[in-house]
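Colleague: Take this sequence and fold it.
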Amino acid sequence: MNDRNNTIAGWVLFAGIVALGGSLVAGQVFHGERPEKMGYPIEGVAVEGEGGEAEQPIEFYLATADAAKGGDVFKKCQACHTVEQGQANGLGPNLYATLGKPHGHVPGFAYSDALKGVPGAWDWKSMSDWLANPKKYAPGTKMTFAGLSNPQDRANVIAFLNSKSPAPLPLPAGPSATPPTASTPGAAADKAAAEADDAGAQKAENEPILTEQQAAQNPQGNLRGEGAPKISGPNPSQKNSGGKQ
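Modeller: Presented below is the predicted three-dimensional model:
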């Protein structure tokens, strides 16, 4: 009986040793680490802190906007909106000739109070902000679209909507990219030029005002200021030689 119990205990001990060894080996082979970024990316939603360069004003992207590409992006909107002249409203209003018009301009369409309460008209910036995040632009809006995180996509859609008008607005030429800061070479050169101009202006203030005759005796000189007097008599800087002048 004792031999049987010893045999069972031995097998149990052996199984425990095998299980422990297996877990150690598995831990070395299948090594898990905490991911650098938690969660799962959602298509079409911008992630804060990503995207490289800071987003420029929408006019910057409108300078190179492509209305044809905007038409392709607008296909996401066709489930709710029409865009051609004379077409009926859908779940959303008809968007023909929308740019430049006030919010809630389509007669008979039941806009939400949230959108009707937003002051102003559909200009470049307001349309971009709306397309980026409708619920942020007009909290309480009935619009369920999540928005377009890519500013160039928004610019292309705006160019497409602008083309759907009897009198399309001229697209802005666009501001330059982020203005140079004091750490950029362009800013340093501008600063140096400004300092040189200031130094020249200070030097000019300290120099005496020359008359026209004095300036004529010194071809490299220059009249300083509008108050330089004109004289017709002899040059006071020259000695009288005794002859008539």
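Colleague: From here on, just use CA atoms for contacts and neighbour counts.
Modeller: Fine.
Colleague: Any regions of the chain where pLDDT drops low?
Modeller: 1-2, 24-52, 174-245 (pLDDT under 70).
Colleague: State the next helix or strand along the chain beyond the top helix by length along it.
Modeller: Longest helix in the chain by number of residues (criterion: DSSP state H): helix 2-29. With elements assigned by DSSP states H and E, the helix or strand that comes after helix 2-29 is helix 58-62.
Colleague: who does that next one touch, helix- and strand-wise?
Modeller: Applying 3 or more CA pairs under 8 Å, 6 or more residues apart in numbering; DSSP states H and E, one finds that helix 58-62 contacts helix 124-132, helix 151-163.
Colleague: Show me the chain divided up by domain.
Modeller: For the chain, automatic domain parsing gives the domain ranges 58-163, 185-217.
Colleague: Could I get the helices and strands packed on helix 58-62 in a markdown table, plus columns for distance to residue 111?
Modeller: Conversion of the helices and strands packed on helix 58-62 to a markdown table gives the following (distance: least, CA to CA, whole Å):
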| stretch | distance to residue 111 |
| --- | --- |
| helix 124-132 | 15 |
| helix 151-163 | 19 |
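Colleague: out of those, nearest to residue 88?
Modeller: Comparing the helices and strands packed on helix 58-62 against residue 88 with CA to CA, the closest turns out to be helix 151-163 (16.4 Å).
Colleague: Show me what that closest one is packed against.
Modeller: Contacts defined by 3+ CA pairs under 8 Å, 6+ apart place helix 151-163 against helix 58-62, helix 67-74, helix 124-132.
Colleague: Tell me which of these sits most buried.
Modeller: Sort the helices and strands packed on helix 151-163 by mean neighbour count, taking mean count of other CA atoms under 10 Å, and helix 58-62 sits at the top with a mean of 22.
Colleague: can I assume residue 67 is in contact with residue 152?
Modeller: No: using CA atoms under 8 Å, residue 67 makes no contact with residue 152, being 11.1 Å away.
Colleague: quick revisit: in CSV, list the helices and strands packed on helix 151-163 along with distance to residue 23.
Modeller: Putting the helices and strands packed on helix 151-163 into CSV (distance: least, CA to CA, whole Å) gives the following:
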stretch, distance to residue 23
helix 58-62, 56
helix 67-74, 52
helix 124-132, 50
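Colleague: Tell me which of those helices sits nearest to residue 16.
Modeller: With CA to CA as the criterion, residue 16 lies closest to helix 124-132 of the helices and strands packed on helix 151-163, at 59.3 Å.
Colleague: tell me the angle the closest one makes with helix 151-163.
Modeller: Put simply, helix 124-132 runs at 120 degrees to helix 151-163, going by axes from the mean of the first three to the mean of the last three CA atoms, to 10 degrees.
Colleague: Leaving out sequence neighbours, find the closest residue to residue 173.
Modeller: Taking CA to CA, 6 or more residues apart in numbering as the measure, residue 173 lies nearest to residue 63, with 5.0 Å between them; neighbours along the chain are not counted.
Colleague: The one you found: how many residues sit nearby?
Modeller: Other residues lying near residue 63 total 16 when counted by other CA atoms under 10 Å.
Colleague: Likewise for residue 101?
Modeller: Using other CA under 10 Å, residue 101 has 13 other residues around it.
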